[in-house]
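Student: requesting a structural model of the entry that follows:
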Amino acid sequence: MVQFAMKIATYNVNSIRIRLDVILAWLEKHQPDVLCIQETKCQDELFPALILSSTGYHLHYRGMKSYNGVAVLTRVAPDEVFYGFDDQLPEIDDARLMRVVVSGIPVINTYVPNGFKLGSPQYKYKLQWYGRLRNYFARHLSPDRPALWCGDMNVAPEPIDVHSPEKHLRHVCFHEDVRRAYRQTLSWGFVDVFRHLYPEKQLFTFWDYLRPSSLEKNKGWRIDHILATRPLAEKCRQVDVDIEPRRAPRASDHTFLWAEFDV
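Tutor: Coordinates of the predicted model:
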C-alpha cells in the first residue's frame with residue numbers, strides 16, 4: 001500500500017468575513033490537505049464562497065446568522081459530506097457539526113457550545129451535546145478504522161491545558177463536569193494527538209480578547225483539538241500550534257492547530 005502524508009488543520013476564525021485574508025495567507029503558506037473552520041458567523045447566502053473556492057480548494061459550509069457556523073476546505077473533492085446530528089432530537093444550532101470523508105477517511109468538524117455559565121440551560125445543553133456526539137460516532141464510525149475529529153471543543157482537558165487552572169475550576173470550559181463529558185466522548189475511541197506526542201508540553205490555542213495582555217503573558221487555553229482513532233493516531237508524525245496569526249492585526253482570539261499523519 002502506498003503511503004502519503006495528510007496535513008490537517010483546525011481554526012476558530014471568529015467571523016470568516018473579517019479574517020478572510022488570514023485564511024487565504026495560511027492556506028497559501030502551509031497548504032494543508034484539510035482545513036476545518038469554526039465560528040464563521042455567516043449565513044450561507046453571505047458566505048465568501050467564491051473567494052475561498054478560487055484557491056483551488058473544495059469548499060463545504062453551513063452557517064447561521066451572528067453565531068455558530070462551520071466550514072471545511074479540502075485539497076481533493078470529498079467522497080461524502082454531511083451536516084448536523086441525525087438523532088431526530090430538536091436542534092437549535094445545526095451549524096456546529098460537519099462530517100466530510102476525504103480519501104476514505106471521515107473527518108468530523110465540530111464547534112462545541114460554550115455553555116455560558118454553570119447551572120444555565122446552555123451549560124446543560126453543552127453536556128448533553130457531548131453525549132449526542134459520542135452516539136453520533138458510534139453510528140457512523142468505528143474505533144478500529146481511521147477517523148479524525150477536529151475543532152473548537154470549548155474544553156481544556158487537563159490543568160496543563162489552561163493558565164492558572166486553580167482559578168478556573170468553575171469555568172464552563174474547565175469545570176470537572178465538562179471535562180468528564182469530554183473524556184467520556186473520547187473514550188469511545190479517539191486519541192488527542194497533541195497530548196499523545198507531547199505528554200508534558202504546554203501549548204495554547206486561545207487567548208482571551210477581554211484580557212489584552214493575555215497573549216504577551218501567554219495566559220491562554222488549549223481548547224482547540226485534533227483527535228484521531230487509534231489506527232490513525234499511531235501514524236501522527238507531528239502536531240503544532242501556529243501562533244503567528246494570533247499576533248496579526250484584527251486577529252481571531254484562536255489560532256491554527258495542525259497535524260500530519262502517514263495514511
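Student: the closest residue to Ser164 other than its chain neighbours - how many residues pack around it?
Tutor: Among residues not flanking Ser164 along the chain, Lys219 sits closest, at 7.2 Å (C-beta to C-beta, 6 or more residues apart in numbering). (C-beta placed from N, C-alpha, C; glycine too.) Lys219 has 15 neighbours, counted by other C-beta atoms under 10 Å.
Student: pLDDT on stretch 157-166, on average?
Tutor: Averaging pLDDT along stretch 157-166 gives 98.
Student: residues contacting it, please?
Tutor: Counting contacts by C-beta atoms under 8 Å, 6 or more residues apart in numbering, the residues outside stretch 157-166 that touch it are 156, 168, 173-174, 179, 182-183, 192, 195, 200, 202, 204, 218-223, 225.
Student: switch to 10 Å and redo it
Tutor: Residues from elsewhere that reach stretch 157-166 (C-beta atoms under 10 Å, 6 or more residues apart in numbering): 155-156, 168-169, 171, 173-174, 178-179, 182-183, 186, 192, 194-195, 199-208, 214, 217-223, 225.
Student: now restrict those to buried residues only.
Tutor: Neighbour counting with 16 or more other C-beta atoms under 10 Å marks 155-156, 168, 171, 173-174, 178-179, 182, 186, 192, 194-195, 203-207, 214, 220-223, 225 as buried within the contacts of stretch 157-166.
Student: so which of these sit within helices?
Tutor: 178-179, 182, 186, 194-195 (DSSP state H).
Student: now the two most distant members of those residues.
Tutor: Val178 and Phe194 (18.8 Å; C-beta to C-beta).
Student: now do the strands in the stretch 101-250 of the chain.
Tutor: Here the stretch 101-250 of the chain has its strands, by DSSP state E, counting those that start in this stretch, at 105-111, 148-152, 190-192, 224-229, 236-242.
Student: paired strands for the first one, with orientation please.
Tutor: Which is strand 105-111. strand 97-102 (antiparallel), strand 148-152 (parallel) (DSSP bridges).
Student: including mean neighbour count, mean pLDDT and distance to Glu244, could those strands go into JSON lines?
Tutor: What follows is the strands paired with strand 105-111, written out as JSON lines (neighbours: other C-beta atoms under 10 Å; pLDDT from 0 to 100; distance: least, C-beta to C-beta, whole Å):
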{"stretch": "strand 97-102", "mean neighbour count": "22", "mean pLDDT": "97", "distance to Glu244": "26"}
{"stretch": "strand 148-152", "mean neighbour count": "28", "mean pLDDT": "98", "distance to Glu244": "19"}
